[in-house]
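Student: Need coordinates for the following:
(one chain, ligands or ions: 1)
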Amino acid sequence: MARPSSGEAVRRDDVGMSASPSPATAIDLPAARASAIAPRLTALGARYDAAPVFPIESMKCLADAGLHRCFAPVASGGHDFGSVDAWHLCLFNVLRIIGRADLSVGRLYEGHVNAMILFDRFGSATQHHGLGQRLDAGAFYGMWATEPPPGVQMIGRVLKGAKSFATGAGGLVHAIITVQPEDGARRLIVVAADDAARADLSQWRVRGMRATGSGLYDLTDMIVAEDDLLGGPGDYDREPLFTTGAWRFTAVQLGGIEALLIETRKAMSDAARGDPMQRAKFADAVAATRTAYLWVREAALRAAREDADGPAFARMTRGVVERAALDVMELAARIVGTRSAMDGQRIDKISRDVSLYLRQGGPDYARDQAALTWLDHDAWGAEDTLW
Ligand SMILES: Cc1cc2nc3c(=O)[nH]c(=O)nc-3n(C[C@H](O)[C@H](O)[C@H](O)COP(=O)(O)OP(=O)(O)OC[C@H]3O[C@@H](n4cnc5c(N)ncnc54)[C@H](O)[C@@H]3O)c2cc1C
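Tutor: Next up is the predicted model:
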């Protein structure tokens, strides 16, 4: 994950500058760029929600700002942040900012970053070089693991089966997918994701996250070249990387919660602001949002340090963020009233997007696994254990 290298702090062509930036500028730059394009992503998001297609203009905005490249491997032109903490904190901010603007684009971007991390961890020098060239052309990647049974099989070098919930199916240029070979553990391969004939979005008729186009993608009869094999068997499921990585989608979800809080405050009339009951609800919404912020930020740092309790922390964070989102959605509706449910209102779109995006795999199982860890020992950390 663009781990610190002895190379140049930031590629100049990547950031379009003529003088070397201070280290602080280099770290803050992606977040500043995300903030600069956020209003445009918000406006486009409303349009893609009303008439859902792959959000090509939003993705172009991200690429024009260099955000498709900054979290790529350094060998592929990614920024060198100097430390893994800095890398993670910057990504934490960028994911929140994009999520605040449009959760569908946040989901697409998060999938792309996930793919960049897998390239960084498991890609060969040749694959890093090829990735750099594709990023030069503005390519975005997806990461597709979810599949209807029996899943995608690789027989020899030929694929059979489909992926479901495949965000960007038919719109993204490439995706990394999991496949089950005839022998051994599942592994990762890179496939073309832009074949419209393989994509089936007919079932993606959803109340939120419409522009993600998370449909089916049929991989049957696709042939896998040697260079498309990424890493070895079992690499995708390596811990703590696999489970701890959930912090990234919680960061995008957090962006949605923050946007809801911002819009709720804006929508509060003078009468509502003058009423202690409404103010108490607003205070609850602030506390829920910032509680989620603190957990996600900490989960990001645990991921950076490859903390053995990172998976438990990420799993607990999922539940904390889900609870905060559900609370803020309820509070927003109760503070703002019927306007919060009207077509064209931003609170309505964000609530619809958040409510679907919260539905990630096995939420009860995640919370239960976190509880088992905490029962065994205080996963909060060695500096401050309660038992
Ligand atoms: C907008 C969006 C985009 C997505 N994009 C991608 C993507 O690009 N790539 C990708 O790989 N995936 C993607 N996903 C899929 C995602 O990662 C999850 O797999 C999916 O959302 C889980 O859906 P579910 O709620 O139906 O899951 P489930 O895990 O089936 O949960 C449904 C319910 O059943 C319960 N349940 C499930 N299993 C058990 C069990 N064994 N015992 C008891 N109860 C159980 C759960 O607690 C839950 O209440 C996306 C999902 C969304 C919503």
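Student: where along the stretch 201-350 of the chain do the helices fall?
Tutor: Remark: helices assigned in the stretch 201-350 of the chain by DSSP state H, counting those that start in this stretch are 241-244, 247-267, 270-273, 276-304, 310-336, 346-357.
Student: Just list the residues touching the nearest residue to Leu118 once chain neighbours are set aside, thanks.
Tutor: Closest residue in space to Leu118, ignoring its immediate chain neighbours: Ile176 at 5.6 Å, by C-beta to C-beta, 6 or more residues apart in numbering. For every residue, glycine as well, the C-beta is placed using N, CA and C. The neighbourhood of Ile176, defined by C-beta atoms under 8 Å, 6 or more residues apart in numbering, consists of 114-115, 118-119, 141-144, 188-191, 230.
Student: Out of the helices of the stretch 201-350 of the chain, which is the most enclosed?
Tutor: helix 247-267 (a mean of 24; mean count of other C-beta atoms under 10 Å).
Student: how big is the angle separating it from helix 346-357?
Tutor: 160 degrees (axes from the mean of the first three to the mean of the last three C-alpha atoms, to 10 degrees).
Student: any idea how far whichever strand or helix holds the residue nearest to Leu118 is from the chain center?
Tutor: Ile176 is part of strand 174-181 when elements are defined by DSSP states H and E. Remark: strand 174-181 is offset 18 Å from the chain centroid, using C-alpha atoms, centre = their mean, to the nearest Å.
Student: for the record, mean pLDDT for the helix or strand following that strand?
Tutor: Next in sequence after strand 174-181, counting helices and strands by DSSP H and E, comes strand 187-192. Mean per-residue pLDDT for strand 187-192: 97.
Student: what's the following helix or strand after strand 187-192?
Tutor: Criterion used, DSSP H and E; the element after strand 187-192 is strand 199-200.
Student: Any chance you could list what contacts that next one?
Tutor: Ala166, Ala169, Gly170, Gly171, Gly213, Gly215, Leu216, Tyr217, Asp218.
Student: For Ala139, see how far away the residue nearest to Leu118 is.
Tutor: Here Ile176 is placed at a distance of 12 Å from Ala139 (C-beta to C-beta, to the nearest Å).
Student: just to revisit the earlier point, now render the contacts of Ile176 as JSON lines, adding distance to Ala292.
Tutor: Shown next, in JSON lines, are those (distance: C-beta to C-beta, whole Å):
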{"residue": "Asn114", "distance to Ala292": "21"}
{"residue": "Ala115", "distance to Ala292": "25"}
{"residue": "Leu118", "distance to Ala292": "26"}
{"residue": "Phe119", "distance to Ala292": "29"}
{"residue": "Tyr141", "distance to Ala292": "27"}
{"residue": "Gly142", "distance to Ala292": "26"}
{"residue": "Met143", "distance to Ala292": "23"}
{"residue": "Trp144", "distance to Ala292": "27"}
{"residue": "Leu188", "distance to Ala292": "30"}
{"residue": "Ile189", "distance to Ala292": "35"}
{"residue": "Val190", "distance to Ala292": "33"}
{"residue": "Val191", "distance to Ala292": "34"}
{"residue": "Leu230", "distance to Ala292": "32"}
